[in-house]
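Student: let me see the structure of the following:
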Amino acid sequence: MVLNLNWEIIWVFVDLLILLLLMKKFLFGRVTKLLDERAKGVTETIEQAESQLAQAQQQKQEYTQQLAQARSEAAGILDQARKQAELAYSRRMEEAEQDVQRRNDQAARQRQADREAMLAEARQQVAGLVLLTTAKVSQKTLDAETDRAMLDALLEEVGDGT
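Tutor: Model prediction:
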């Protein structure tokens, strides 16, 4: 039996060796190939992810620069608009001041014209009173007492007329 057992062990080893060779040829090659392909796919996916991450960071940097540039342009536009508004405001204020000055000048001229008209009217009234007085004097005889009375009456009339 010892011999029989040895031959059986040898046959088991031979069977195992054949099985191992068959598995190596048909199974292990495919599994190894599949695992290599899987590893290669994972490596490519990682490389693609790193490439996309680098692109995303570059795009983020570009967007950040564009945003900063847009903010700078917006600040420039606001500053320019503010300056234009201040310029327009100062122009309006100057126009308003000129308008006020022009209206004040017109009012002063109108007051002067009204004053001159009132003085002219007063002169006409005085002239009328002088004529009236002259007519009264010519009707009466001239003496110092009558002249003084007529002068007082004239002054009273002129004082009442104004």
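
Student: so which helix or strand takes in Ile10?
Tutor: helix 2-22 (DSSP states H and E).

Student: likewise Gln84?
Tutor: Residue-wise, Gln84 maps onto helix 29-139 under DSSP H and E.

Student: for that helix, packing partners?
Tutor: helix 144-161 (3 or more CB pairs under 8 Å, 6 or more residues apart in numbering; DSSP states H and E). All C-beta atoms are positioned from the backbone trio N, CA, C, and that covers glycine.

Student: ok, back up a step: contacting residues around the helix holding Ile10?
Tutor: Counting by CB atoms under 8 Å, 6 or more residues apart in numbering, helix 2-22 has no neighbours from elsewhere in the structure.

Student: buried ones in that helix, by neighbour count?
Tutor: Of the residues in helix 2-22, none has enough neighbours to count as buried (16 or more other CB atoms under 10 Å).

Student: output it as CSV, nothing but the C-alphas.
Tutor: Listed next in CSV are the C-alpha coordinates belonging to helix 2-22 (Å, rounded to 0.1, in the frame of the first residue of the first chain):
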residue,chain,number,x,y,z
VAL,A,2,2.7,2.3,0.5
LEU,A,3,3.5,2.1,-3.1
ASN,A,4,0.0,2.5,-4.2
LEU,A,5,-0.2,5.6,-2.1
ASN,A,6,2.9,7.0,-3.7
TRP,A,7,1.6,6.5,-7.2
GLU,A,8,-1.7,8.1,-6.2
ILE,A,9,0.2,11.0,-4.8
ILE,A,10,2.2,11.3,-7.9
TRP,A,11,-1.0,11.1,-10.0
VAL,A,12,-2.6,13.8,-7.9
PHE,A,13,0.4,16.0,-8.3
VAL,A,14,0.4,15.3,-12.1
ASP,A,15,-3.3,16.1,-12.2
LEU,A,16,-2.8,19.2,-10.2
LEU,A,17,0.1,20.2,-12.4
ILE,A,18,-2.0,19.7,-15.5
LEU,A,19,-4.8,21.6,-13.9
LEU,A,20,-2.5,24.4,-13.0
LEU,A,21,-1.1,24.6,-16.5
LEU,A,22,-4.5,24.6,-18.0
